[in-house]
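I'll drop the sequence and a predicted model, then ask my questions.
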Amino acid sequence: MLAAPLILLLRPPGLAWAGAASVTVLSFSIALTMALDVARGGHFGYDMGGWQAPFGIELYVGAFSALVLVIVTGAAATALLAARTSIDQQIEAERQPLFYSAWLLALSGLVGIVVSADAFNIFVFMEISSLASYVLIAGGPDRRALPAVFKYLIMGTIGATFYLIGIGLVYMMTGTLNLADMEARIGGVTDANPILVAAGFITIGLALKAAVFPLHVWLPNAYTHAPHMVTVFLAACATKVAIYVLIRFDFFVFQANLPGHAIQFSLFLLPLAVLGILVASAVAVFEGHLKRLLATSSVAQIGYIMLGASFLTEAGLTASAAHLFNHALAKGGLFLAVACLACHYRDLRLDQLAGAARTMPLTAAAMAVCGFSLIGVPGTAGFISKWLLISAALDNGSNGWLLVVVILVSSLMALAYVWRIVETLYFKPAVVTPEVAGEAPPSLLLVTLAVAMANIFFGFFPQFPLGLSSAAAELLLRQGL
């Protein structure tokens with residue numbers, strides 16, 4: 001946040017990029033160091049201004065927040081390290097310092113949401129990240145981004161307003177905004193009706209932010225028409241932060257104190273998750289534009305995450321948290337490969353990308369690997385969370401096998417739309433000649449290949465994300481942070 005206005009002073013675009021990239025890499029290094037400490041059983045807490053909670057604003061990093069912190073800062077650092085060429089193509093030189101400043105504001109807002117233990121402070125950081133994200137999406141040359149941003153703004157404002165109304169109702173009944181103090185005081189509230197209404201407002205508001213089906217209508221256009229590196233950043237982490245707040249708030253504050261609310265939460269989210277998985281996957285099968293296809297598939301992947309959370313079990317929450325991490329890897333790598341293709345292909349419709357693997361074999365290979373991770377092919381990170389989700393579904397009572405069928409059918413649909421991409425790149429004859437033959441610039445290509453390899457690495461060595469995911473699930477079910 002402090003670096004954002006300073007970047008404006010770095011007028012040469014290369015210097016502005018270097019400054020922003022350095023800040024994001026440093027943030028990622030700090031987040032990774034904290035996550036490694038948390039994985040060994042530690043945690044971090046800080047009272048702003050020396051005012052102890054619940055009277056002051058508290059910052060807290062536990063297992064769940066450490067995992068999401070790594071996702072957010074890792075996505076920002078990866079995208080910015082790869083961004084130089086793509087941003088030079090899409091953003092005018094004189095506007096780039098403004099663009100990088102907005103990027104750092106979006107990052108600081110998302111990080112602030114994750115580390116804050118104060119409900120209203122979460123709202124403040126939510127607005128910072130949202131306003132900066134609108135600027136980033138609309139900052140490219142595609143004018144179709146303007147109506148997409150307007151729809152995103154309207155839906156995002158409704159979501160934030162619902163969240164704020166819910167927080168107001170809880171504050172009215174408990175007199176506190178600190179999440180831990182809120183959880184302690186809700187149990188002593190004599191009239192639970194305002195708390196139930198607040199839970200409804202907060203759940204729906206955050207579901208809008210998280211693009212939970214059918215509240216996802218803003219997402220496909222926003223991701224499709226945004227600058228490519230903005231899509232990499234936001235697709236990897238933006239909706240996941242909203243999911244994090246939704247799960248943390250509901251399990252930590254409401255389910256501990258409202259009798260029957262856990263079942264209400266499950267009955268509300270489980271059918272929406274199933275519908276999101278099936279409908280979004282079916283739409284993606286027939287989508288002809290590469291970026292829109294991947295954006296639509298994100299709605300289905302959000303469905304997987306919410307499905308695990310709706311089981312209300314440690315196994316389900318572990319699968320949900322693990323899929324937050326694994327989907328960020330897969331989808332971030334896919335959109336990085338899209339950015340590589342966009343260096344030489346102006347039109348990203350599938351029929352215009354036929355035969356691209358002949359001139360860009362490394363890019364096509366990275367896209368195939370990340371696509372296989374999205375499907376859940378064994379040996380990739382995506383397989384780990386899909387397997388955990390199937391195991392959790394089988395433990396979910398007599399109807400668990402129906403949910404397993406849903407997961408398997410949707411995985412087959414994912415295989416269908418990923419195979420369409422692979423078939424187009426590798427086996428169809430070229431329709432158009434790329435503007436420049438060869439691979440993407442080295443900085444972009446190397447980062448893309450590194451993310452693709454990370455999908456394989458965490459498929460064989462998933463201990464780090466699984467350890468944090470398991471610890472997060474255990475703490476959430478114990479009404480901890």
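Sure, I can see it.

going by C-alpha atoms from here, please, whenever you check contacts or count neighbours.
Noted.

what about the helices in the stretch 201-350 of the chain?
Using DSSP state H, counting those that start in this stretch, the helices of the stretch 201-350 of the chain run over residues 219-225, 228-249, 261-286, 290-310, 314-342.

flag every buried residue along the helix or strand of the chain at the bottom of the mean pLDDT ranking.
None of the helices or strands of the chain scores lower by mean pLDDT, DSSP states H and E than helix 179-186, at a mean of 83. For helix 179-186, burial by neighbour count (16 or more other C-alpha atoms under 10 Å) applies to 179, 180, 181, 182, 183, 185, 186.

mind putting the helices of the stretch 201-350 of the chain into CSV with distance to residue 84 and mean pLDDT?
Formatted as CSV, the helices of the stretch 201-350 of the chain follow (distance: least, C-alpha to C-alpha, whole Å; pLDDT from 0 to 100):
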stretch, distance to residue 84, mean pLDDT
helix 219-225, 19, 88
helix 228-249, 9, 89
helix 261-286, 30, 89
helix 290-310, 20, 91
helix 314-342, 11, 92
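
any weak-confidence spans in the stretch 351-481 of the chain?
434-437, 479-481 (pLDDT under 70).

just give me the residue closest to the centre of the protein.
Nearest residue to the geometric centre of the chain (C-alpha atoms, centre = their mean): residue 237, 2.8 Å.

I figured residue 198 hits residue 171, correct?
No: at 9.8 Å, residue 198 and residue 171 do not qualify as touching, with contact defined as C-alpha atoms under 8 Å.

comparing the two, which residue is more hemmed in?
residue 198 (23 against 19; other C-alpha atoms under 10 Å).

is it true that the more buried one lies in a helix?
Yes: counting by DSSP: H, G, I helix; E, B strand; the rest coil, residue 198 is part of a helix.

just the pLDDT for it.
pLDDT for residue 198: 88.

what's the answer for the one 3 residues further on, then?
Note on residue 201: pLDDT of 91.

for residue 328, see how far away residue 180 is.
Distance, residue 180 to residue 328, using C-alpha to C-alpha, to the nearest Å: 29 Å.

ignore what I typed, I meant residue 386.
Residue 386 is 14 Å from residue 328, by C-alpha to C-alpha.

could you do residue 149 as well?
From residue 149 to residue 328 the distance is 22 Å (C-alpha to C-alpha).

residue contacts, residue 231?
Going by C-alpha atoms under 8 Å, 6 or more residues apart in numbering, residue 231 touches 223, 224, 335.

for the residue located most distally from the centre of the chain, phi and psi?
Each residue of the chain has a distance to the centre, and by C-alpha atoms, centre = their mean the biggest one is for residue 190: 37.5 Å. Main-chain dihedrals, residue 190, degrees, to the nearest 10: phi -80, psi -40.

any idea how far it is from residue 258?
Applying C-alpha to C-alpha, the value for residue 190 to residue 258 is 11 Å.

now residue 202
Distance, residue 202 to residue 258, by C-alpha to C-alpha: 15 Å.

what is the burial count for residue 161?
Per other C-alpha under 10 Å, the neighbour tally for residue 161 reads 17.

any idea which element it lies in?
Using DSSP states H and E, residue 161 maps to helix 145-174.

go through that helix and flag the buried ones.
Going by neighbour count (16+ other C-alpha under 10 Å), the buried part of helix 145-174 is 145-146, 148-149, 151-153, 155-171, 173-174.

residues in contact with residue 419?
Contacts for residue 419 (C-alpha under 8 Å, 6+ apart) come out as none.

please, which helix or strand holds it?
Using DSSP H and E, the element containing residue 419 is helix 400-426.

now residue 454
Assigned by DSSP H and E, residue 454 belongs to helix 442-460.

check which residues of that helix are buried.
Applying a neighbour-count criterion of 16+ other C-alpha under 10 Å, one finds 444-449, 451-456, 458-459 buried in helix 442-460.

export those residues to a markdown table and tack on distance to residue 78?
Supplementary listing: the buried residues of helix 442-460 in a markdown table, determined by distance: C-alpha to C-alpha, whole Å:
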| residue | distance to residue 78 |
| --- | --- |
| 444 | 10 |
| 445 | 12 |
| 446 | 11 |
| 447 | 7 |
| 448 | 9 |
| 449 | 11 |
| 451 | 8 |
| 452 | 12 |
| 453 | 13 |
| 454 | 12 |
| 455 | 14 |
| 456 | 17 |
| 458 | 17 |
| 459 | 19 |
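
of all those, which comes closest to residue 45?
Comparing the buried residues of helix 442-460 against residue 45 with C-alpha to C-alpha places residue 458 closest, at 28.9 Å.

ok, the closest residue to the closest one other than its chain neighbours - how many residues close by?
Distances taken as C-alpha to C-alpha, 6 or more residues apart in numbering put residue 381 closest to residue 458, at 5.1 Å, once the chain neighbours are dropped. Residue 381: 31 surrounding residues under other C-alpha under 10 Å.

chain center to stretch 349-367, what's the gap?
On the basis of C-alpha atoms, centre = their mean, to the nearest Å, stretch 349-367 sits 26 Å off its chain's mean C-alpha point.
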